[in-house]
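[1] sharing a model prediction with you, sequence too.
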Amino acid sequence: MTKVSTSMTAAQIRQQFLDFFASKQHSIVPSAPIVVKNDPTLMFTNAGMNQFKDYFLGNQTPASKRVADTQKCLRVSGKHNDLEEVGVDTYHHTMFEMLGNWSFGDYFKTEAIAWSWELLTGVYQIPKDRLYVTVFEGDEKEGLPKDEEAATEWARWIDPSRILLGNKKDNFWEMGDTGPCGPCTEIHVDCRPDAERAAVDGKTLVNNDHPQVIEIWNNVFMQFNRLKDGSLQPLPAKHVDTGMGLERLVRVLQGKTSNYDTDLFTGTIAAVENITGTKYDFSDSKQAIAFRVLADHIRAISFTIADGQLPSNTGAGYVIRRILRRAVRYYYSYLGYKQPLLHQLVPVLAAQFEHVFPELKKQEAFVGKVVLEEEQTFLATLEKGLKRIAELMQDSTTVIAGDKAFELYDTFGFPLDLTRLIAAENNLEVDEAGFETAMLEQKNRSRAATTLDTGDWQIVNETAGLGFVGYADLNVGTHVQKFRKVSAKGKDQYQLVLASTPFYAESGGQVGDTGQLHFGDEIIQVLNTKKENDLIVHFVDSLPADISGDVRAVVHAERRLNTMYNHTATHLLHAALRQVLGTHVAQKGSLVNDEYLRFDFSHFSKMTDEEIRSVEKIVNDKIRENIPVIIESLPKEEALTRGAMALFGEKYGDVVRVVTIDPNYSVELCGGTHVMHTGMIGLFALASESAVAAGVRRIEAYTGPAAFRYFSESLENIKEIGTLLKAKEPVKAVDKLLTENAQLKKHIEMLEARQLVAVRNELLQKDEIINGINFIGDIVEVGNADALKKLCFDLKNHLNDFVVVLAANIDGKPFVAVSIADNVVAAKGLDAGAIIKQHLAPIIKGGGGGQKNLATAGGQDASNLAQVIEVVKGLL
């Protein structure tokens, strides 16, 4: 396809989209974080509409009825799982930008379709004869008619022969099993050369996975809400939700045949070329795929970490770790690069997106540090995995068993195709059916453990209330608006929504309130309070006899008060850390409950004792100053101008809540609950400081009564130590004790070394020749299992062509060591590890292993050590 514009960059194309809709009276809003909070149905933002879900459901009223944005999205799991296609084809991605325009009960199909056509053909000047559109053909089973309105509107702009009917799969958009949905109209572009277009009609290739006939824009007309039973319920108002992938749009406008050939990716690919010394050849080879995988995956990895999601072994964190390890495997296997690479790409990406997603540039060093540590960890695992597959290939004649291939995947992170490749190089096959069986069993176990069965909302009384009133009142009269039943692990619970509620819903690190709901004389315990999007949901174990009546909602006041101590102290702690360690410190996570506070923050080294004491002193000084805690609601821009700290990865509205504890000390955006004066906290005790992840430290601390208990227990422990040591100064006494202990250990080690020399000399006298091999086998008296290995190493220096087996009874437990000279291993085919596993471990009812020339075992039965010696002797 000929370029529409030879000079337009991706940044200019993005800006033209936003400018166009600004001219149509749309408010331009920032991207929501890519990591989703307060929505149990999503881990990541997977579509532009996610942040507007409450508007579609009618739970909230938007400040503007017309909105446009560019949204960071991630699709790697669930319904929109594109991960295995990424890098293999030219247009799937993990992280991508979704350009979108939205109407919340304002304009509908007429304007949405007209503006789509105007932007694509008028502003971007895409040739009209390269475009096709699809409309929903209807679905008899769902009782849904054809979208005649969309077809009619399109006929005003495009030749009717280019208006194609699409089925429910392609032209009825749903974000999941439940939630907002509706018919959609897609716009497709045919990027093939003119000769190919003349030979094959483009309409036959629409929605048929042709790499050059692709969907470029989707206009969704939100009309329904999908319920759990599959039925469709009309939404309170009709909405427009459109999405156009920036990567595909740029590809079309820059006249490329692959998204990866556009300036969105070429800078990263060039960086990989420079790092590896390998050229990208635009082909379908594994090497070229590796380039595309790296260019894509570093975006997903970097932006999710910048938005607050660290790699981990569970949930969203494991998704990021999977993506990162897939990238590492590609550069390790196909670019021949055996050291960390991805972290070197973070600065390239940060510079590229500095003006559209500045959060990455601001955290460039932190993100790079996290990525580097993850790479180092997996590269070490990769080496171990290669050693393990070598062992498996030794034990296999023609096929690596499926459960063993799964072990490589599950334990060492080996993808099946890497195991298959290595096996083929050694003339082996992999039992792929067995692997898939093991994988399915694991998935079924995981699903069984996490399955949550959520019923539909049952409406009780939709009369509006005041929403959350718990900043000022912990005891209010209200009524239940709706409820639903949820079941997990065989246990039923209920979730209630109140018109007005004093219960704080878990968010911003602060736990949800507990308390009681009084329905007349009947009392229902509130076990937790959480948010679902912006809906406050109360968790209870049972329902009252009459749920439709008035209810008095009462928060557990003491629990809330202790939580408030900890939350305000968290702000004091954050400011103190920045004062002592530097302004690079930024919050990376927190937990605030009634028992303690936990605060994660960016910092690249362990805090010194002096730094810890300084931070603790500053916080306690601020508590004693009894500073007023001033809370205001301000426009976000005014709050930021005042210097208020906003957290990366958090979504803020146009009006924000600002918590100020001395304007020169702490000003933060925060929706949590706080004390009125810092003096109410009473006392702060910093209990521990530790590492969480690369570049992330964690502090745990106590406040109020819990801090007093912590200090009191610490003093009691010191007194008890003094009593035990009969010393007035227990610290000096312990120091003296440690010094004496270290001296005694050295003395014991010296005596043990002398003893081992004597034992070695005795063993050398027992050397016997069996079939030309020097054999020593004996039961020895040693103090620990490590001494057996030391004896084996020592004997090796005094023997040739040897096999040594030593056994010992240490505190009633049997231990065995086998050592074989390297030339005997090679000449006789003996393997110390195999001898231990197959012959000796069963005798002592234990286990062990090791290398071919040295292996050890421990067990439970020490009665047959003589038999151990005879078995090895018999093998010779």
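    Happy to help now that I have it.

[2] going by C-alpha atoms from here, please, whenever you check contacts or count neighbours.
    OK.

[3] identify the residues contacting residue 331.
    290, 291, 294, 337, 338, 341 (Cα atoms under 8 Å, 6 or more residues apart in numbering).

[4] nearest residue to the most centrally placed residue in the chain in space, please, no chain neighbours.
    By Cα atoms, centre = their mean, the chain has its centre lying nearest to residue 317, at 1.4 Å. Take residue 317 and drop its neighbours on the chain: the residue closest to it by Cα to Cα, 6 or more residues apart in numbering is residue 311, 4.2 Å away.

[5] now swap in residue 363 and tell me
    residue 306 (6.6 Å).

[6] wait, that neighbour sits on residue 361?
    No: using Cα atoms under 8 Å as the test, residue 306 is too far from residue 361 to be in contact (9.0 Å).

[7] neighbour-wise, which of the two wins?
    residue 306 (25 against 21; other Cα atoms under 10 Å).

[8] what's the more buried one in contact with, if anything?
    Here residue 306 is in contact with 359, 360, 363, 367, 648, 649 (Cα under 8 Å, 6+ apart).

[9] distance from the chain centre to the helix or strand where residue 321 lies, please.
    In this assignment (DSSP states H and E), residue 321 forms part of helix 315-334. Helix 315-334 sits 12 Å away from the centroid of its parent chain (Cα atoms, centre = their mean, to the nearest Å).

[10] and stretch 690-706, what's buried?
    Residues of stretch 690-706 classed as buried by neighbour count (16 or more other Cα atoms under 10 Å): 691, 693-704, 706.

[11] quick one: the nearest residue to residue 283 once chain neighbours are set aside from residue 275, how far?
    Spatial nearest neighbour of residue 283, excluding adjacent residues (Cα to Cα, 6+ apart): residue 289 at 7.9 Å. Separation of residue 289 from residue 275 (Cα to Cα, to the nearest Å): 17 Å.

[12] so which of the two has more stuff around it?
    With neighbours defined as other Cα under 10 Å, residue 289 and residue 275 compare such that residue 289 has more, 23 against 13.

[13] so for that one, what pLDDT did the model give?
    On the pLDDT scale, residue 289 is placed at 93.

[14] CA atoms of the helix or strand harbouring it as CSV?
    Applying DSSP H and E as the criterion places residue 289 in helix 286-306. Extracted C-alpha coordinates of helix 286-306, given in CSV (Å, rounded to 0.1, in the frame of the first residue of the first chain):
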residue,chain,number,x,y,z
LYS,A,286,12.8,-17.6,14.9
GLN,A,287,15.5,-14.9,15.1
ALA,A,288,13.2,-12.3,13.6
ILE,A,289,10.4,-13.4,15.8
ALA,A,290,12.7,-12.9,18.8
PHE,A,291,13.3,-9.3,17.8
ARG,A,292,9.5,-8.7,17.6
VAL,A,293,8.9,-10.4,20.9
LEU,A,294,11.4,-8.2,22.6
ALA,A,295,10.1,-5.0,21.0
ASP,A,296,6.6,-5.9,22.2
HIS,A,297,7.2,-7.5,25.5
ILE,A,298,9.4,-4.7,27.0
ARG,A,299,6.4,-2.3,26.6
ALA,A,300,4.1,-4.6,28.6
ILE,A,301,6.7,-5.3,31.3
SER,A,302,7.8,-1.7,31.7
PHE,A,303,4.5,0.0,31.8
THR,A,304,2.9,-2.4,34.2
ILE,A,305,5.8,-2.1,36.6
ALA,A,306,5.7,1.7,36.3
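
[15] okay, now the unreliable bits of the stretch 351-500 of the chain?
    For the stretch 351-500 of the chain, the stretches with pLDDT under 70 are 415, 417-418, 421, 425, 443-452.

[16] scratch that, the stretch 551-700 of the chain
    If you take pLDDT under 70 as the line, the stretch 551-700 of the chain has these spans: 649.

[17] would you map the strands across it?
    For the stretch 551-700 of the chain, the strands defined by DSSP state E, counting those that start in this stretch occupy 587-592, 597-602, 630-635, 655-661, 666-669, 684-693, 696-703.

[18] re the thing from before, now the helix holding residue 289 against helix 315-334, angle please.
    Computed by axes from the mean of the first three to the mean of the last three Cα atoms, to 10 degrees, the angle separating helix 286-306 from helix 315-334 equals 150 degrees.

[19] what about the residue of the chain most remote from its centre, distance to residue 602?
    The outermost residue of the chain, judged against the average C-alpha position, is residue 765 (61.2 Å), by Cα atoms, centre = their mean. With distances taken as Cα to Cα, residue 765 is found 62 Å from residue 602.
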